[in-house]
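Engineer: When you get a sec, could you give me coordinates for this:
(2 chains)
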There are 2 protein chains.
Amino acid sequence: MTLVTAEPLPGIPEIRPGDDLAALLAEAAARLPDRGLRGSDVLVIAHKAVAKAEGRLVRLADVTPGARAQALAAEHGKDPRLVELILAESAELLRADAGRLISRTRHGFVCANAGVDQSNAGGAAQAVLLPLDPDASARALRARLRCAVILSDSFGRAWRIGQAEVAIGCAGLMPVEDWRGRPDGDGRLLRATQIAVADEAAAVADLARGKDTGQPAVRLRGLERHVLAGDGPGAAALLRAPEHDLFA
Amino acid sequence: MTLVTAEPLPGIPEIRPGDDLAALLAEAAARLPDRGLRGSDVLVIAHKAVAKAEGRLVRLADVTPGARAQALAAEHGKDPRLVELILAESAELLRADAGRLISRTRHGFVCANAGVDQSNAGGAAQAVLLPLDPDASARALRARLRCAVILSDSFGRAWRIGQAEVAIGCAGLMPVEDWRGRPDGDGRLLRATQIAVADEAAAVADLARGKDTGQPAVRLRGLERHVLAGDGPGAAALLRAPEHDLFA
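Structural biologist: Take a look at the predicted model:
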């Protein structure tokens, strides 16, 4: 019997550039009823806390939009400074329609606004960018916290309403469980089944917190079978190469 | 403090056409350490168990492929009888490439093979189709079990490796949490945030069971704030209309 539990870490303050996030997370975990973090735990952290600690905050007043940003902003009713940040974070703009800009980020994520976000950014005059290398950020936190770590963000999906939380960085967790070639309950070999474990784990954490609760980190238990002795391949393993994507 | 837990129901037998699934689920829930189901619980059921109970099993020997199915099957190295079933379940074939057929089902889901699946189908000579009306199936189970019900399936995603479990039917749960117009932690109004709660709940359940364990149902606790007094809009509310989709 597997029991999976998800519990937010209490009392984490608003994160500021230069904060020692690992120390703040460890202190918060120590306040849980059954204290601390085990090696078999998976800690899911909203990427924004990591990005802020890493100084990935931009004051819009400091941004000078270029011609392309100004044109796109006018066409889609957006702030040209925000569009400038989105373009700078994008490797490729895939779609622009009805005020939505969907791009492939320089990391390879396909998402709205290249992950540039003004919500919970510490004021409307600022925006948070995705961490430069979310897998590296996850590895650094894992080294300090000694548990598996996921950095998560909310992505919209094609064809379905609503955002779901996905893993944009991870360390110490196998992000994809590969059932191909293994037997199903009838003994028939499975052909196409790969499970996006890290994305599903990010989704669990999202359910355990609100968007306004100041709870950026959630401790998951019961996922031991996906936890690795090493860092593993990271969330980069979840990226489908554009040449293999039917909708690129 | 929110604690979310996910626990598979033990000892559910292989489901056959005509089985009283609600009775089997209630009996299995009564075997959990803290027995039974509460009105605030969310029971996530792999759709295949529901489809089998509803008789949505097809013997491939009984299928006669038409000309289009034969041509597609030859082109993509698939069983023409399976392709015939996929076309019959599809409203529209969106992409066919490298052996993958992506269609919009008659319910409106965009997924591989129109949800027609040979794994855990009770033998390679059979295929399971999606329930005819998964929201109606969820409502019927909710009426018997008196808890919120989700029917789930594993869908691949554009741009990301691996499948994630999503809700194809639900009753008694608000499938989308709408934060638009509500304030973030800084008091700034959120503009685009809708959370696909039912999909995230389906993902939680997937992590709590294996693909070969014969555990089609998982009881979730801690999601009270999403549970409704009535059936609610169902998983149909998660479907993005093709005219609003940037990738249709």
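
Engineer: Could you name the specific helix or strand carrying the closest residue in space to A:S152 that isn't next to it in sequence?
Structural biologist: Spatial nearest neighbour of A:S152, chain neighbours left out: A:A202 (3.9 Å); criterion: CB to CB, 6 or more residues apart in numbering or on different chains. For the C-beta atoms, the positions are set from N, CA and C on the backbone; glycine is no exception. Using DSSP states H and E, the element containing A:A202 is helix A:197-207.

Engineer: how far is that helix from where the chain is centred?
Structural biologist: 10 Å (CA atoms, centre = their mean, to the nearest Å).

Engineer: Which strands and helices lie in contact with that helix?
Structural biologist: strand A:4-8, strand A:42-46, strand A:148-157, strand A:160-171, strand A:217-221, strand B:4-8, strand B:160-171, helix B:197-207 (3 or more CB pairs under 8 Å, 6 or more residues apart in numbering or on different chains; DSSP states H and E).

Engineer: Export that helix to CSV, keeping only CA atoms.
Structural biologist: Provided in CSV are the C-alpha atoms of helix A:197-207 (Å, rounded to 0.1, in the frame of the first residue of the first chain):
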residue,chain,number,x,y,z
VAL,A,197,6.5,11.6,-12.6
ALA,A,198,8.1,15.0,-11.8
ASP,A,199,5.2,16.9,-13.4
GLU,A,200,2.7,14.8,-11.5
ALA,A,201,4.6,15.4,-8.3
ALA,A,202,4.6,19.2,-9.0
ALA,A,203,0.8,18.9,-9.5
VAL,A,204,0.4,17.3,-6.1
ALA,A,205,2.2,20.1,-4.4
ASP,A,206,0.1,22.7,-6.1
LEU,A,207,-3.1,21.1,-4.6
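
Engineer: give me the low-pLDDT residue ranges for chain A?
Structural biologist: A:1, A:123-124, A:190-192, A:210-212, A:248 (pLDDT under 70).

Engineer: how about the helices of it, start to end?
Structural biologist: For chain A, applying DSSP state H gives helices covering A:21-30, A:47-53, A:67-76, A:80-89, A:134-145, A:197-207.

Engineer: Dump these into JSON lines; add mean neighbour count and distance to B:I195 as well.
Structural biologist: Shown next, in JSON lines, are the helices of chain A (neighbours: other CB atoms under 10 Å in any protein chain shown; distance: least, CB to CB, whole Å):
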{"stretch": "helix A:21-30", "mean neighbour count": "18", "distance to B:I195": "23"}
{"stretch": "helix A:47-53", "mean neighbour count": "25", "distance to B:I195": "15"}
{"stretch": "helix A:67-76", "mean neighbour count": "14", "distance to B:I195": "24"}
{"stretch": "helix A:80-89", "mean neighbour count": "21", "distance to B:I195": "22"}
{"stretch": "helix A:134-145", "mean neighbour count": "22", "distance to B:I195": "21"}
{"stretch": "helix A:197-207", "mean neighbour count": "29", "distance to B:I195": "7"}
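
Engineer: of all those helices, which lies closest to B:G18?
Structural biologist: For B:G18, the closest of the helices of chain A is helix A:197-207, at 32.5 Å, according to CB to CB.

Engineer: who's in contact with that closest one?
Structural biologist: A:4, A:6, A:42, A:44, A:150, A:152, A:154, A:164-167, A:170, A:173-177, A:218, A:220, A:223, A:226, A:235, A:238, B:4, B:6, B:160, B:162, B:164-165, B:195, B:197, B:199-201, B:203-204, B:206-207, B:222-223 (CB atoms under 8 Å, 6 or more residues apart in numbering or on different chains).

Engineer: got it, and stretch A:109-119?
Structural biologist: A:47-48, A:82, A:85-87, A:89-90, A:94, A:100-105, A:124, A:126-130, A:153, A:155-156, A:168, A:211, A:239, B:158-159, B:184, B:188, B:190-193.
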